[in-house]
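missing the sequence, but the structure's below:
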């Protein structure tokens, strides 16, 4: 659906807003209409036997939220430096998720002039989670597909049910 929106943006010259997040030095973009909160995660309770991407559960303004590590979801090595992590609140199918990231950047308004489809040389671990990229002053902004990102257990459950 977002890919169609990007192609429509290319035709009309429209822009889209993205919240930038960082995992290490890599910059990723999340469509701003999918982002509900930006916060510092605290009091995360581990969940036994959960998939490795799940950091645990936390309380966000009275709601129990599943915390998902973007670093683990992208199959990247564990973070080595200390410091505060940030979280992005996302909603999917009536459930709230906290996407744990190394840092949060700014909101960028981007048009079709910098947009490109997912490059064939993009890391294979990320290809199925990306909608495209924007080339920005020597940096690459990888636009993440929030639906694919949060569907991490769907294939496993489907295979287990068969």
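Received it, and whenever you're ready, just let me know what you need. All of these numbers come straight from a predicted model, not from anything done at the bench.

Can you list the low-confidence ranges for this structure?
1-13, 152-162 (pLDDT under 70).

cutoff 50 now
1-11, 155-162 (pLDDT under 50).

That one: strands as residue ranges?
For the chain, the strands defined by DSSP state E occupy 15-23, 26-31, 35-39, 54-60, 63-69, 86-92, 95-101, 103-111, 115-116, 130-136, 139-144.

Give the pairing partners of the fifth one; include direction for each.
This means strand 63-69. Paired neighbours of strand 63-69 in the sheet (DSSP bridges): strand 54-60 (antiparallel), strand 95-101 (parallel).

Quick one, which of these gets closest to residue 17.
Residue 17 lies closest to strand 95-101 among these, at 17.1 Å (C-beta to C-beta). In this view, the C-beta of every residue, glycine as well, is placed from N, C-alpha and C.

got the contact list for the closest one?
By C-beta atoms under 8 Å, 6 or more residues apart in numbering, the residues outside strand 95-101 that reach it are 21-23, 28, 30, 36, 39, 41, 55, 58, 60, 63, 65-71, 85-91, 149-150.

tell me which residues in it are buried?
Neighbour counts using 16 or more other C-beta atoms under 10 Å place 96, 97, 98, 99, 100, 101 of strand 95-101 among the buried residues.

thinking again about what came up before, export the strands of the chain to a markdown table and append columns for distance to residue 80.
Formatted as a markdown table, the strands of the chain follow (distance: least, C-beta to C-beta, whole Å):
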| stretch | distance to residue 80 |
| --- | --- |
| strand 15-23 | 13 |
| strand 26-31 | 15 |
| strand 35-39 | 23 |
| strand 54-60 | 17 |
| strand 63-69 | 14 |
| strand 86-92 | 17 |
| strand 95-101 | 16 |
| strand 103-111 | 15 |
| strand 115-116 | 31 |
| strand 130-136 | 25 |
| strand 139-144 | 22 |
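
nearest to residue 122, of those strands?
That would be strand 130-136 among the strands of the chain, by C-beta to C-beta, at 6.3 Å.

roughly how far is that closest one from the heart of the chain?
In terms of C-alpha atoms, centre = their mean, to the nearest Å, the centre of strand 130-136 is found 13 Å from the chain centre.

Partner strands of it, with direction?
Paired with strand 130-136 in the same sheet, following DSSP bridges, are strand 115-116 (antiparallel), strand 139-144 (antiparallel).

what's the most buried one of the ones you listed?
Greatest average neighbour count among those goes to strand 139-144 (a mean of 19), per mean count of other C-beta atoms under 10 Å.
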